[in-house]
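In: what's the 3D shape of this:
(one chain, ligands or ions: 3)
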Amino acid sequence: MKTKLKLSLLDHINYPADLRKMRVSQLPQVCEELRSFIIDTVSLNGGHFGASLGTVELTTALHYVMNTPYDQLIWDVGHQAYGHKILTGRKPFFDTNRKHKGISGFPRRDESEYDTFGTGHSSTSISAALGMALAAKQKGEHDKQHVAVIGDGAMTAGLAFEALNHAGIAGTNLIVILNDNCMSIDPNVGALKEYLTHLTLSKAYNKIRRKVGNTLNKIPVVGEFSKDVLNHAKAGLKSAFAEQANFFEALNMRYFGPVDGHDVIKLTAILADLKQIPGPKLLHVMTTKGKGFLPAEEEKTLWHFPGLFDKVTGEIHKKASTTLQPPKYQDVFGHTIIELAELNDKIVGITPAMLSGSSLKFMMEKMPHRTFDVGICEQHAVTLSAGMATQGLKVFCNIYSSFMQRGYDQMIHDVVLQKLPVIFCLDRGGLVGEDGPTHHGIYDIAYSRCLPGVIISSPMNESELRNLMYTAQLDKTDQPFIVRYPRGRGVMPEWRKPFEEIEIGKGRIIREGADIAILSFGHPGNFANDACLDLEKEGIYSGLFDMRFVKPLDKDLLHHVFQNYTHIITVEDGCKVGGFGTAVAEFRTEYKYQADLQILGVPDQIVEHGKVEELYRECMYDKEGIMYTVRASKASIMSLRKEVLTARF
Ligand SMILES: Cc1ncc(C[n+]2csc(CCOP(=O)(O)OP(=O)(O)O)c2C)c(N)n1
Ligand SMILES: CC(=O)[C@@H](O)[C@H](O)COP(=O)(O)O
Ligand SMILES: [Mg+2]
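Out: Numbering: from 1, shown residues only. Ligands and ions are numbered 1, 2, ... in the order given. Predicted coordinates for the structure are as follows:
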């Protein structure tokens, strides 16, 4: 049961204007209540957790000091913006967060005027904020503030560096807030992270910084004019010092910090000062991911996205099951790559910042020298893989399907055109559920199908995933090899079967039927299988063919199907436009078959967030959707037969 919180202050805050009516001294209490509100709701409804707890004070201070929504606040990724949502009109609906038809787990322009930029994928905030700042300049809105809040993880991406490079010379008053909690989802990685740690901890750097500050403070102040002059002198000296030592200053961003991101009163003072300082600036804020909820502070990766939990004991609820559960596809990948790497010493594993999410963490634990977490750098991950492949390594580059969109040019330019046999394991292929449109991995089939020579495969179950991974690392092809699989669990509790090679471009017959054939690609073959079994009880016998490969297509199997069935239905967990069904339609046209063809998959529209089962249903390719389509085909066959019989007799 939801416990009613005593929201003595938060009860009176629905919008930032209400917050601004509070005294600064009341802000710590607002933060406490906001934090409790987040803990209370996420424990019951789920969602991202640690990141939003870490930004409670920053969020409160920003909305207190900045004149939002006129001043524009841009959150990077957006998974840390729950406090922002609660303070900007969505407190009453916050329990619908990430639910079907409820509010989104990320900022969305169509949800609130306070959400200035839609997010989900990382490292966009500085570019977007700079774009808005330049637009404001053009429009003569010189008093408008633009604040990008970016995490230390998101800061590792090329896109963020590109934006900083531009911001340094763009002549706007942009404020970048670097929310540094030393964490991505897993511990943050890379030289920038080392640098930020050095900046925070370096005794030498901070000693000189303090010395410069103290010396300047000893200069006597006489009147307002002198104060101004002194401040300029301070700034100049500090800047001259910092420029030598500070990466951001070297890029022409005034650097401030590091400051305690949990001292809301100090933060308001600093932000108010920053508003007065012209030019691009970066405020380095130190925060603790999971702040205020001990288990989350202690195990930050686990509490990035914990699922439902008991807010009193900190126990994460596990789904009770009496039977052995099938594993998650990601875990099958994670364990299988180790088995393969033990057999083949050329194998290495790469992930751009999804060490836990991809389960490559198992390999990192066992074979750290053959496992690479490169940070949120999908483009780099792809080209790095290409570089390694030129040297004969067998690279398993594991990228979530939707994040792979970032690495598309690298896939074409660095991998495909050079015919390099990189193995791409595209996890989260298909609809992902509550993360919604930014994270649905539905375009990969279409965007890779047009690339010459690329092998595109998808397993229907765990065994198939293992065998496709096994096949991909055999020296049977010198082409890029994609294995895409969905978020969540498979169907085989007993999944550790011996490896078997799969002939590239060969599908398999699951069952023959009469008149109607279902061609499936990947995991939805299981929905089709269940549909076939239920339809048999109604006397409808449909064939089922697991095509395994979209490219190369199993033409022999397709000829067999088109020659023996009058009604063909394709099923895929991807967009209909340009996907697997389109490939079958192209085949049908090429060979002038007349069979009726229905394509089931994600329609040409934006599919929102919700439980994945709700979304499959909405898109009509769950078991019921497939049964509905098969029955409709059957009805059309029957009425055609009736017509023929009537005409004959
Ligand atoms: C392009 C892209 N790659 C990967 C992700 C997955 N992802 C979401 S949050 C996150 C960690 C971000 O770290 P940071 O920016 O420091 O935020 P924190 O969670 O620490 O607050 C990652 C890797 C993503 N959203 N977008
Ligand atoms: C915000 C973000 O991009 C990630 O946290 C993402 O939500 C992870 O998705 P999975 O839960 O599928 O690993
Ligand atoms: Mg971080």
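In: Same question for whatever helix or strand residue 630 lives in: list its buried residues.
Out: Using DSSP states H and E, residue 630 sits within helix 623-648. Neighbour-count burial for helix 623-648, counted by 16 or more other CB atoms under 10 Å, picks out 623, 625, 626, 627, 629, 630, 633, 634, 637. Using the backbone N, CA and C atoms, a C-beta is placed for each residue, glycine as well.
In: so who does the closest residue to residue 534 other than its chain neighbours touch?
Out: Nearest non-adjacent residue to residue 534, counting by CB to CB, 6 or more residues apart in numbering: residue 627, 6.3 Å away. Contacts here follow CB atoms under 8 Å, 6 or more residues apart in numbering; on that basis residue 627 touches 531, 534, 535.
In: what do you get for residue 585?
Out: Residues in contact with residue 585 (CB under 8 Å, 6+ apart) are 597, 599.
In: Tell me which residues touch residue 515, please.
Out: Going by CB under 8 Å, 6+ apart, the list of residues near residue 515 reads 542, 565, 566, 567, 633, 634, 637.
In: can you tell me how far the fifth one sits from residue 570?
Out: Residue 633 sits 12 Å away from residue 570, going by CB to CB, to the nearest Å.
In: Show me whatever sits in contact with both of these two.
Out: With CB under 8 Å, 6+ apart, residue 633 and residue 570 have common neighbours residue 598.
In: ok, back up a step: out of the contacts of residue 627, list just those in strands.
Out: Among the contacts of residue 627, no residue falls in strands (DSSP state E).
In: Just the buried ones from these, in ChimeraX syntax?
Out: ChimeraX command restricting the contacts of residue 627 to the buried ones, with burial defined by 16+ other CB under 10 Å:
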select :531,535
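In: want to try a markdown table for the contacts of residue 627, with distance to residue 575 and pLDDT as columns?
Out: Output for the contacts of residue 627, formatted as a markdown table (distance: CB to CB, whole Å; pLDDT from 0 to 100):
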| residue | distance to residue 575 | pLDDT |
| --- | --- | --- |
| 531 | 21 | 98 |
| 534 | 27 | 98 |
| 535 | 26 | 97 |
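In: For residue 494, give me its contacts.
Out: Counted by CB under 8 Å, 6+ apart, residue 494 has contacts residue 324.
In: Kindly list the main-chain dihedrals of it?
Out: phi -100, psi 90 (degrees, to the nearest 10).
In: State the pLDDT value of it.
Out: We note a pLDDT of 93 for residue 494 in this prediction.
In: wait, what's in contact with the residue nearest to residue 16 when sequence neighbours are not counted?
Out: Excluding the flanking residues, the one nearest residue 16 by CB to CB, 6+ apart is residue 63, at 4.1 Å. Neighbour list for residue 63: 16, 19, 20, 73, 84, 87, 88 [criterion: CB under 8 Å, 6+ apart].
In: ok, back up a step: looking at the contacts of residue 627, which is nearest ligand 1?
Out: residue 531 (33.8 Å; CB to the nearest ligand atom).
In: what's near enough to touch the closest residue to that closest one other than its chain neighbours?
Out: Leaving aside its sequence neighbours, residue 531 sits nearest to residue 626 (CB to CB, 6+ apart; 4.1 Å). Residue 626 is in contact with 518, 527, 528, 531, 569, 571, 600, counting by CB under 8 Å, 6+ apart.
In: Wait, a helix at the fifth one?
Out: In other words, residue 569. No: read with DSSP: H, G, I helix; E, B strand; the rest coil, residue 569 is strand and lies in no helix.
In: Mind telling me what element the residue nearest to residue 16 is part of?
Out: Going by DSSP H and E, residue 63 is in helix 56-65.
In: for that helix, what is the average pLDDT?
Out: pLDDT averaged over helix 56-65 gives 98.
In: So what pairs up with whichever residue of the stretch 51-200 of the chain sits closest to ligand 3 in the strands?
Out: Closest contact between the stretch 51-200 of the chain and ligand 3, by CB to the ion, is at residue 151 (3.8 Å). Beta-bridge partners of residue 151, counted by DSSP bridges, are residue 179.
In: hey, what's residue 489 bridged with?
Out: residue 328.
In: Contact partners for the residue lying closest to residue 367 once chain neighbours are set aside?
Out: Counting by CB to CB, 6+ apart, residue 341 is the residue found nearest to residue 367 once chain neighbours are left out, at 6.1 Å. Going by CB under 8 Å, 6+ apart, residue 341 touches 347, 348, 349, 363, 367, 370.
In: My guess is the last one contacts residue 349. True?
Out: Put plainly, it is residue 370. Yes: in this structure residue 370 lies within contact range of residue 349 using CB atoms under 8 Å: 6.7 Å.
In: Between the two, tell me which one has more neighbours.
Out: Here residue 370 and residue 349 are compared on neighbour count by other CB atoms under 10 Å; more neighbours surround residue 349, at 28 against 18.
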